[in-house]
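Engineer: Using only what follows, build the 3D model:
(one chain, ligands or ions: 2)
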Amino acid sequence: MKKTLLELLVCPECYSEFQLGADGLKGEEIRSGILRCGKGHKFTIIDGVPRIVTSLGESEQVKESYSSKWTMFEDVAFSKRDMQFQFNWYISRYGFGDFEGLQKLIKSRSLILDAGCGVGRAVGWFSDFTDAHDILGIDISDAIDIAYRRYGMRPNVHLIQADILRPPFRPEMFDYISCDQVIHHIKNPEEAFNRLVTLLANGGAASCICVQEEGPYT
Ligand SMILES: C[S@@+](CC[C@H](N)C(=O)[O-])C[C@H]1O[C@@H](n2cnc3c(N)ncnc32)[C@H](O)[C@@H]1O
Ligand SMILES: [Zn+2]
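Structural biologist: Ligands and ions are numbered 1, 2, ... in the order given. Reported below is the predicted structural model:
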């Protein structure tokens, strides 16, 4: 975790700011420590990743299954073929048209959230397009550790283990939110979607797909 991330986070329980107690530093990177809010809620930073998850309830099972799925299929997920397929799928599904279309949008944004980032492939694409802006990826599963290992050292990338239903952010903070192939895994996709909308700044843009049994809609 980079120190600069601290000012972008709030406690998901009470929305107050965090104080950082860092005990493991590696250069500028905080490898271990504690985030403590004014009301006494505490979250750990382990292996460079802030773990800002509270009780997950029914999402616990999703966390478990994606933690093992991504660990098992990391090589496939980063194979040239799958990366290309996912990228093409993304720009076509959300109407960007081509590489330049997505790049143009990303370059025009200042704070980007990839909600349910998995192993961080989209975080990687977004940060390839610009080194100027902060790009945050959150995921409840241990896939976040893979994302951190692959992209966490990029200066504009921040990775956090967090729940879309209890995001550790202030309202109206992001001017682009990507939530690709995620909310149908959440018991109440509408609640998840509404949560994300509260995080979107006035004039912001979002790309989100929720897959239904009969077919996808955006
Ligand atoms: C199908 S994967 C998509 C990952 C990524 N967006 C991609 O397209 O490669 C769904 C991801 O959503 C994450 N997820 C599910 N429920 C979540 C929640 N409540 N908060 C954050 N992430 C969640 C899972 O852990 C999983 O990594
Ligand atoms: Zn708190």
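Engineer: where do the helices sit along the chain?
Structural biologist: 59-72, 74-77, 80-93, 99-107, 121-129, 143-151, 189-198 (DSSP state H).
Engineer: mind checking which of these is nearest Arg166?
Structural biologist: For Arg166, the closest of those is helix 189-198, at 8.3 Å, according to Cβ to Cβ. Yep, even glycine has a C-beta here, placed from its N, CA and C like the rest.
Engineer: what angle do that closest one and helix 59-72 make?
Structural biologist: Interaxial angle, helix 189-198 versus helix 59-72 (axes from the mean of the first three to the mean of the last three Cα atoms, to 10 degrees): 80 degrees.
Engineer: And helix 189-198, what's buried?
Structural biologist: 189, 192-193, 195-196 (16 or more other Cβ atoms under 10 Å).
Engineer: Stretch 103-120 too?
Structural biologist: 103, 105-106, 109, 111-120.
Engineer: swap in stretch 39-47?
Structural biologist: 41, 43, 45.
Engineer: how about it, does it get close to ligand 2?
Structural biologist: Yes - using Cβ under 5 Å from the ion, stretch 39-47 comes into contact with ligand 2 via 39, 41.
Engineer: That stretch: how far from the chain's middle?
Structural biologist: 18 Å (Cα atoms, centre = their mean, to the nearest Å).
Engineer: ok, and what's touching that stretch?
Structural biologist: Identification of contacts with stretch 39-47 by Cβ atoms under 8 Å, 6 or more residues apart in numbering yields 1, 11, 13-14, 16, 18, 22, 30-36, 50-53, 145, 148.
Engineer: hang on, Leu102 packs against Trp125?
Structural biologist: Yes - between Leu102 and Trp125 there is a contact at 7.4 Å, judged by Cβ atoms under 8 Å.
Engineer: Now the common contact residues for these two.
Structural biologist: Common neighbours of Leu102 and Trp125 (Cβ under 8 Å, 6+ apart) are Tyr90.
Engineer: hmm, back to that, just the buried residues of helix 189-198 now: which is nearest ligand 2?
Structural biologist: Closest to ligand 2 out of the buried residues of helix 189-198 is Arg195 (17.5 Å), distances taken as Cβ to the ion.
Engineer: can you pull the contacts of that closest one?
Structural biologist: Listed by Cβ under 8 Å, 6+ apart, the contact partners of Arg195 are 164-165, 167.
Engineer: Show me which residues of this protein sit near ligand 2.
Structural biologist: Residues of the chain lying near ligand 2 (Cβ under 5 Å from the ion): 11, 13-14, 37, 39, 41.
Engineer: how about 6 Å then?
Structural biologist: Residues of the chain that fall close to ligand 2, judged by Cβ under 6 Å from the ion: 11, 13-14, 16, 37, 39, 41.
Engineer: Report the buried members of those residues.
Structural biologist: Among these, those scoring as buried are 11, 37, 41 (criterion: 16+ other Cβ under 10 Å).
Engineer: out of everything not next to it in sequence, what's closest to the second one?
Structural biologist: Translated: Cys37. Cys11 (3.6 Å; Cβ to Cβ, 6 or more residues apart in numbering).
Engineer: any idea how far Ala192 is from ligand 1?
Structural biologist: Per Cβ to the nearest ligand atom, to the nearest Å, Ala192 is found 6 Å from ligand 1.
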